[in-house]
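Q: just coords:
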């Protein structure tokens, strides 16, 4: 999640920000030297799941004589974890055009975890984007979950738990990471020297409280503006008719693909030649922006300007909010969550985007709610 290291009350040094209850639970696992054999970390993309998993791995593998001081960040084991070359730490991530975790990857992982630790007290594995394991991979993982080797800790980092098999879920302890309050994340960004207070708040809002995403955005400040432009385009479509909404889809998808590529430090995809994975990522990003916008619009519909995060669009939100049906907005926000999951399950991105554009609630001609 970045290089900023925050001291924690348990005596070690975790790189995770916020999430005090979850960090305390993780620190207890380090202190007792007794983690669960399988741990599921669940939370939205960019919230800090993999960072916390690496904190736990560093703590369990740290060579400091006092468990209270682990991870010390100075011993050879901690340095190897940071460099990504500790022989007892194994990483699995989605691969290929479809960005899946496939059977062969899990079979290899099972073989590695069956061996005795080479340098540390544990064999540790971190599976990033675990929700993208296909069914064959998940079924293969059950072998390790049901018969874990000695001193084994398997960490699954998943944006959503729903795509995982019930048998995988039932064999894993679970910790949920939620987005941080905007003010807390703003303070963390300022303290880490990543931004001044004003820009830090803008980053925290754009990231919707997710520390990892905020850090990535801080390295690509132009993407904050481009992301905001997508929000403005969505807000402008509230009053658009069916034809105008559908006509906006292609340009919006292309713009979102450029933002996503910039956030990942990749070259922008050629115009008109988006691959399936690029379209899926772009649609997911649009849904993220849409969710933030819909939340602000719902707040404006109920409480005027109090609680609105995006102050740059405050006038437009205050104008539209009283004319929006609050229940319809709530239903649309629920729908966004469902379609976000559908995108992860390989739903057609263009079809999802078109469906949401047509479902985007329209304002009434006259105010229907409280005036700001």
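A: Right, received. Where do you want to start? This structure is a prediction, so every number in the text was calculated from the model and none was measured. Residues are numbered from 1 along each chain as shown.
Q: what residues does stretch 155-168 touch?
A: Identification of contacts with stretch 155-168 by Cβ atoms under 8 Å, 6 or more residues apart in numbering yields 38-45, 49-50, 53, 56-57, 124-133, 135, 138-139, 141-142, 145, 169, 172, 174, 341, 344-345. Bear in mind the C-beta positions are built from the backbone N, C-alpha and C, glycine included.
Q: now for it, what's the gap between its first and last residues?
A: 12 Å (Cα to Cα, to the nearest Å).
Q: any idea whether residue 125 is helix, strand or coil?
A: strand (DSSP: H, G, I helix; E, B strand; the rest coil).
Q: Distance-wise, check the residue lying closest to it once chain neighbours are set aside relative to residue 40.
A: Sequence neighbours aside, residue 90 is the residue nearest to residue 125 in space, at 4.4 Å (criterion: Cβ to Cβ, 6 or more residues apart in numbering). Applying Cβ to Cβ, to the nearest Å, the value for residue 90 to residue 40 is 17 Å.
Q: Which one's more surrounded, the two?
A: Of the pair residue 90 and residue 40, residue 40 is the one with more neighbours under other Cβ atoms under 10 Å, namely 23 against 17.
Q: how much space between that one and residue 31?
A: Applying Cβ to Cβ, the value for residue 40 to residue 31 is 21 Å.
Q: Just give the number of residues close to residue 23.
A: So residue 23, with other Cβ under 10 Å, has 24 neighbours.
Q: Check the one 5 residues further on too.
A: Using other Cβ under 10 Å, the number of residues around residue 28 comes to 12.
Q: from here on, count from 22
A: Taking 22 as the first residue, the last one we looked at is residue 49.
Q: name the element it belongs to?
A: Taking DSSP states H and E as the criterion, residue 49 maps to helix 41-53.
Q: Centre of the chain to that helix, how far?
A: 21 Å (Cα atoms, centre = their mean, to the nearest Å).
Q: Please point out which parts of it sit buried.
A: Under the neighbour-count criterion of 16 or more other Cβ atoms under 10 Å, helix 41-53 has 43-44, 47-48, 50-52 buried.
Q: Save those residues as JSON lines, and put in pLDDT and distance to residue 308 too.
A: Output for the buried residues of helix 41-53, formatted as JSON lines (pLDDT from 0 to 100; distance: Cβ to Cβ, whole Å):
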{"residue": "43", "pLDDT": "93", "distance to residue 308": "25"}
{"residue": "44", "pLDDT": "93", "distance to residue 308": "29"}
{"residue": "47", "pLDDT": "94", "distance to residue 308": "30"}
{"residue": "48", "pLDDT": "93", "distance to residue 308": "34"}
{"residue": "50", "pLDDT": "94", "distance to residue 308": "34"}
{"residue": "51", "pLDDT": "94", "distance to residue 308": "36"}
{"residue": "52", "pLDDT": "93", "distance to residue 308": "39"}
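Q: ok so the residue nearest to residue 146 is a strand residue?
A: Yes - assignment of residue 111 by three-state DSSP places it within a strand.
Q: picking up where we left off before, redo the buried residues of helix 41-53 as a markdown table? Include distance to residue 182.
A: Output for the buried residues of helix 41-53, formatted as a markdown table (distance: Cβ to Cβ, whole Å):
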| residue | distance to residue 182 |
| --- | --- |
| 43 | 15 |
| 44 | 20 |
| 47 | 18 |
| 48 | 23 |
| 50 | 20 |
| 51 | 24 |
| 52 | 27 |
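Q: between those residues, which is nearest residue 314?
A: residue 43 (28.2 Å; Cβ to Cβ).
Q: How about the closest one, nearest residue that isn't a chain neighbour?
A: residue 196 (5.1 Å).
Q: so who does the residue nearest to residue 146 touch?
A: 130, 133-134, 144-147 are the contacts of residue 111 under Cβ under 8 Å, 6+ apart.
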